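In: My questions concern the predicted model and sequence given below.
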Amino acid sequence: MHLTGHTVRITLSITSKKLGGFILKPLVHESGKISEERVVLITGGYGFSGSNLVRYWLEHYPNDKIILLDGMTYAARPKYVKDFVEEIRKHKNPDIHEVIVDIRDQLAVARVMQKFQPDLVLHLAAESHVCRSIAGPKAFMETNILGTFNMIEEFYQLWRGYKYKSKRFLHVSTDEVFGELQAHENPFSELNNIRPRSPYAASKASSDHIVQCYHHTYGIPTIITNCSNNFGPNQHEEKLIPATIWRLLNGEPARLYSNGLNVRDWLFVEDHCRALALLTERGEPGQRYCIGGDQELSNIEIVERIHEKIFPGGSRELRVEYTADRPTDDRRYAIDCSRLKKLGWSPQSSEDFEKNLAGTIEYYMREFTGAGREASVPSAREGVSSV
Ligand SMILES: NC(=O)c1ccc[n+]([C@@H]2O[C@H](COP(=O)([O-])OP(=O)(O)OC[C@H]3O[C@@H](n4cnc5c(N)ncnc54)[C@H](O)[C@@H]3O)[C@@H](O)[C@H]2O)c1
């Protein structure tokens, strides 16, 4: 691997200082490991799921060193991470390193792999918004396909030189690679055909194939996960739940595609993180695992619950603006996650689902009305139903 040319952009302490007090410990090794702690590389760590995964990891694996890699696209929300790092720091110095790198830059990815030599890669960085993929698919093909190739190829270059082979590459993907379900059909499982219908889903399906082929061809211990819609804190306001909250708080009608009857299976983001952590320990290399919440709800049901929470007892009438059908707006997703459940994981009970959804709505109400984040108004205004 040639690391000459220095087009590589690795920003460590300088960027972190700009972010305001983000903890950085000096690197203790440049090559090889000197302690028993694991080095865990989480890509997309400033995005919605990635930031919650970083939080989960810091709380549950305090001895690990975390490398948070992110390209800081429009979807990155570093403040959330900075805030909980500060909180954790009151009790313990978290061992976390921030690396600002665009995964489309193979040389930069190679430098990160060589420098940190991760034991575990959890790959979440992606372009993730279906509507954007329809308006402009190229960035999705570049980041989701080429970027994933760069990640797995550079992991492979590192892995092939390891003395022991216990390293893992976990690729986080979506249930959208399976296409859509009709009302009467069984939920998706790992055995379903891959039938993506949007550019986003096609780019993720392609990345799944690339990761899978590195397992078959080179023997890398990979795991692929296909997850349903997540909800929870720190999601970009272009997505259904934060967008709806913002619109209702600002006196605007909720906005839904078509008739609002499209069904999604909702999973609390912390359950997703718990599943990923379990799979790094107990997942079978080379396997794919579906992750879902056993909570099928139509988009209009989600909107109604948000409305009831903001205006209890119908103190204000719910107004919904239905827009034209989005091309390839899949009717229904549902997930059969029995393979994962056999490893001892289950999504939250119905009771927790209501509690977590209510907590999520309260979080965004605070964010949009208090001293928290300001929504990017165009995103919130345009936000409709999508992962
Ligand atoms: N959110 C969900 O409901 C959901 C469900 C199933 C699967 N997933 C998958 O989980 C992963 C994370 O989803 P999310 O909702 O957190 O996404 P997100 O859009 O909130 O965050 C994506 C993060 O990736 C970073 N990123 C984008 N392009 C990059 C690049 N070229 N180089 C480096 N970093 C880059 C962004 O800056 C951002 O921080 C994605 O792979 C997505 O396909 C998400």
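Out: Alright, I've got the coordinates.
In: rest of the way, CA atoms for contacts and neighbours
Out: Will do.
In: What's the local residue count around His91?
Out: A count of neighbours around His91, defined by other Cα atoms under 10 Å, yields 8.
In: show me what contacts it?
Out: Neighbouring residues of His91 by Cα atoms under 8 Å, 6 or more residues apart in numbering: there are none.
In: Quick check on the nearest residue to Ser173 once chain neighbours are set aside: phi, psi?
Out: Once flanking residues are discounted, Ser173 sits nearest to Asn226: 4.7 Å by Cα to Cα, 6 or more residues apart in numbering. For Asn226, the backbone dihedrals (degrees, to the nearest 10) come out as phi -120, psi 110.
In: Any figure for the gap between Asn226 and the ligand?
Out: Between Asn226 and the ligand the computed distance is 6 Å (Cα to the nearest ligand atom, to the nearest Å).
In: try Leu181
Out: With the distance defined as Cα to the nearest ligand atom, Leu181 ends up 16 Å from the ligand.
In: sorry, back to before: in this structure the residue nearest to Ser173 contacts Ala275, no?
Out: No. Checked against Cα atoms under 8 Å, the pair Asn226 and Ala275 is beyond contact range at 11.1 Å.
In: so what sits against both of the two?
Out: Ile291.
In: In contact with the residue nearest to Ser173, which residues?
Out: Listed by Cα under 8 Å, 6+ apart, the contact set of Asn226 reads Val172, Ser173, Thr174, Asp175, Val177, Arg288, Tyr289, Cys290, Ile291.
In: beta partners for it?
Out: According to DSSP bridges, the partner residues bridging Asn226 are Ser173, Cys290.
In: pLDDT score assigned to it?
Out: The model reports Asn226 with a pLDDT of 98.
In: now Asp329
Out: 78.
In: likewise Pro233?
Out: 97.
In: burial measure for the residue nearest to it when sequence neighbours are not counted, as a count.
Out: Excluding the flanking residues, the one nearest Pro233 by Cα to Cα, 6+ apart is Thr360, at 6.0 Å. Neighbour count of Thr360, defined by other Cα under 10 Å: 20.
In: ends of stretch 121-128, how far apart?
Out: 19 Å (Cα to Cα, to the nearest Å).
In: got it, and stretch 171-178?
Out: The first residue of stretch 171-178 is 16 Å away from its last residue (Cα to Cα).
In: just stretch 124-136 next, same as before
Out: For stretch 124-136, the first-to-last residue distance is 20 Å (Cα to Cα).
In: cool, stretch 110-130 as well?
Out: 29 Å.
In: and it, how far from the chain's centre?
Out: Between the centre of stretch 110-130 and the centre of its host chain there is 12 Å, according to Cα atoms, centre = their mean, to the nearest Å.
In: Would stretch 116-127 count as contacting the ligand?
Out: Yes. Stretch 116-127 reaches the ligand (Cα under 6 Å from any ligand atom) through Leu124, Ala125, Ala126, Glu127.
In: outside of stretch 57-65, which residues touch it?
Out: Contacts of stretch 57-65 (Cα under 8 Å, 6+ apart): Glu37, Arg38, Val39, Val40, Ile66, Pro94, Asp95, Ile96, His97.
In: Take the residues you listed and keep only those in strands.
Out: Val39, Val40, Ile66, Ile96, His97 (DSSP state E).
In: Which member of these is positioned nearest His215?
Out: Each of those was scored against His215 by Cα to Cα, and Val40 proved nearest at 19.6 Å.
In: The ligand versus the closest one, what's the distance?
Out: With distances taken as Cα to the nearest ligand atom, Val40 is found 16 Å from the ligand.
In: Now do the same contact list for that residue.
Out: So Val40 contacts Asp64, Lys65, Ile66, Ile67, Pro118, Asp119, Leu120, Val121, Leu122 (Cα under 8 Å, 6+ apart).
In: Enumerate the positions of stretch 69-89 that are buried.
Out: 69-72, 75-82, 85-86 (16 or more other Cα atoms under 10 Å).
In: From these, list the ones also adjacent to the ligand.
Out: Asp70, Gly71, Met72, Ala75, Ala76.
In: residues touching Ala254, list them.
Out: Contacts of Ala254 (Cα under 8 Å, 6+ apart): Thr244, Arg247, Leu248, Val303, Leu318, Arg319, Val320, Glu321.
In: Give me the phi and psi for the residue lying closest to it once chain neighbours are set aside.
Out: Leaving aside its chain neighbours, Ala254 sits nearest to Val320 (4.6 Å; criterion: Cα to Cα, 6+ apart). Dihedral pair for Val320: phi -130, psi 130, per degrees, to the nearest 10.
In: can you count the residues close to Val320?
Out: Neighbours of Val320 under the rule other Cα under 10 Å: 18.
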